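In: Test case, fold it:
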Amino acid sequence: MFGAIGIAGSGVVTDQTWLDTIGGNLANMNDAVTPGRPVYQVESVLAAPSPPAAGEVAGGVHVEEIALSGRNGQLEYQPDDPLANAQGLVEYPAVDLAQEMVSLVMAQTSYQADASVMSHADSAYQAILAMKG
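Out: Numbering: from 1, shown residues only. Down below sits the predicted model:
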């Protein structure tokens, strides 16, 4: 029971990184470039279990890697855009707005659950300390 705050805390840190990468993806989804130039790559958080500390049965979670999609962008015909090539094309990052919104809800729910566990564990620890005093 005493490792609950640490385990949930590692989840909060991982969830925050997840939320930050979603925010970055959404913030950069309209960053057009001239085709052939580097385009923003969608980021994804890859989480992994952390090994337990001495005497603990579980260790929580950590960010293993922030992976880049490696996908090409999406070409759009916009001949009036100053970034357009001779064919009138510009390239946008391949950000899937619907997928990002689903990920946002999942990350937010996970963050709230981890924060709730931390709060309940803190209350339980305080109750135990009050009984001893």
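
In: Now the most centrally placed residue in the chain: which helix or strand?
Out: Centroid-nearest residue in the chain, with Cα atoms, centre = their mean: residue 18, separated by 1.2 Å. Taking DSSP states H and E as the definition, one finds residue 18 inside helix 4-28.

In: Provide the contact partners of that helix at residue level.
Out: Applying Cβ atoms under 8 Å, 6 or more residues apart in numbering, the contact partners of helix 4-28 are 40, 42-45, 47, 50, 53, 56, 58-63, 66, 93, 95, 97, 100, 103-104, 107-108, 110-111, 113-115, 117-118, 121-122, 125. Where C-beta positions appear, they are placed from N, C-alpha and C, glycine not excepted.

In: Repeat that for stretch 83-100.
Out: So stretch 83-100 is contacted by 22, 25-26, 28-37, 39-42, 69, 71-79, 81 (Cβ under 8 Å, 6+ apart).

In: among those residues, which are in helices?
Out: In this view, the contacts of stretch 83-100 that belong to helices under DSSP state H are 22, 25-26, 28.

In: tell me which of those residues is nearest to residue 130?
Out: Ranked by distance to residue 130 (Cβ to Cβ), those are led by residue 22 at 40.1 Å.

In: Got the confidence number for that closest one?
Out: We have a pLDDT of 98 for residue 22.

In: Please shift the residue numbers so they start at 30 in all later answers.
Out: Sure thing, new numbering starts at 30, so read that last one as residue 51.

In: Could you check how far it is from residue 45?
Out: The gap separating residue 51 from residue 45 is 11 Å, by Cβ to Cβ, to the nearest Å.

In: More neighbours: which of the two?
Out: Each of residue 51 and residue 45 has its neighbours counted (other Cβ atoms under 10 Å); residue 51 has more, 24 against 14.

In: Backbone dihedrals for the spatially closest residue to residue 44 that is not a sequence neighbour, both of them.
Out: Leaving aside its chain neighbours, residue 44 sits nearest to residue 140 (3.9 Å; criterion: Cβ to Cβ, 6 or more residues apart in numbering). When quoted as degrees, to the nearest 10, the phi and psi of residue 140 stand at phi -60, psi -50.
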